[in-house]
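Just the structure for this:
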Amino acid sequence: MKKILFSWKSLALLSIYLLLANGMKAYADCPDYMNHNMRQLHSENEVNLCELVEQKPVLVINTASHCGFTPQFEGLEKLHQQYADKGLVVVGFASDDFFQEDKDESKAADICFQNYGVTFTMLAPSHVRGKNANPVFKMLNETVGSPRWNFTKYLIDKDGEVVSRFGTRIEPNDPKLLKTIESIL
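Okay, here's the model as predicted:
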C-alpha cells in the first residue's frame, strides 16, 4: 500500500478549495436572471439574489411608495411573516416606471419600513419595464408579460420557473394567491 503524505499547507489549500467548491455549488443551480447583486432600498448594502433565494420559492413584487395600492405592503409583510419559515422569500422591487415612487429614497424607505413595518427585502429603485428592466423583470416580461401597474405579484418556484402572475388588484391575502403559494412550498 502506497502512503500519501500531505503537508499542513496542502491540507489547508485542499480544505479552502473544498469550501469554495461547495459554496459555488450552492449557486450553480441559480438561474442567470437571479445571478446579480442589487442594492437594498436606502442603503449601500447589496444583495446577491442567488444567495437571497437559495433555491426557495420567491414572491416578486414591483412597488411604489405613492401608489393607491401602497397599503398592500402591510399584507405583503403578513405573507412574509406567515411563510418565511416555510421557505418563501418575498422581494420588493421599488420602481418609478409608473411615476409613483418617491424621488428621495429615504422617504420611500420610511413609507416601507416605518409606515408599514416591512421587514422583507426591498431593493433600490430600478426599471421593471422596457429595455432597461432589471434582469429579474426582463425575464418576467419575456415570460409572462410586463407589469401593467405597481404591485403586480409574480410567484417563482424554487427552480426559478414562473408559476403565476397576479395583478395589482389581487390583494396579498387573496385565497387564490395563498393557495398558489402553498402549492409550491
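
secondary structure class for the residue nearest to the spatial centre of the chain?
By Cα atoms, centre = their mean, the chain has its centre lying nearest to V91, at 3.7 Å. Following DSSP: H, G, I helix; E, B strand; the rest coil, the label given to V91 is strand.

residues touching it, list them.
Applying Cβ atoms under 8 Å, 6 or more residues apart in numbering, we find V91 in contact with 49, 52-53, 58-61, 120-123. Just so you know, the C-beta spots here come from the backbone N, C-alpha and C atoms, and that holds for glycine as well.

same deal with K158?
Contacts of K158 were listed using Cβ under 8 Å, 6+ apart, and they are 55-57, 87, 184.

still on that earlier bit, quickly list what the residue nearest to the centre of the chain is bridged to.
Using DSSP bridges, the bridge partners assigned to V91 are V60, T121.

Out of the contacts of V91, which end up buried?
By neighbour count, with 16 or more other Cβ atoms under 10 Å, the contacts of V91 hold 49, 53, 58-61, 120-123 as buried.

mind checking how far whichever strand or helix holds Y154 is from the chain centre?
Using DSSP states H and E, Y154 maps to strand 153-156. Strand 153-156 sits 10 Å away from the centroid of its parent chain (Cα atoms, centre = their mean, to the nearest Å).

Output the contacting helices and strands for that strand.
Judged by 3 or more Cβ pairs under 8 Å, 6 or more residues apart in numbering; DSSP states H and E, strand 153-156 is in contact with strand 58-63, strand 162-166, helix 175-184.

That strand pairs with which strands, parallel or anti?
If you go by DSSP bridges, strand 153-156 pairs up with strand 58-63 (antiparallel), strand 162-166 (antiparallel).

where does the protein dip in pLDDT?
For the chain, residues meeting the criterion pLDDT under 70 lie at 1-28.

ranges for the helices of it?
8-28, 49-53, 72-83, 105-109, 135-144, 175-184 (DSSP state H).
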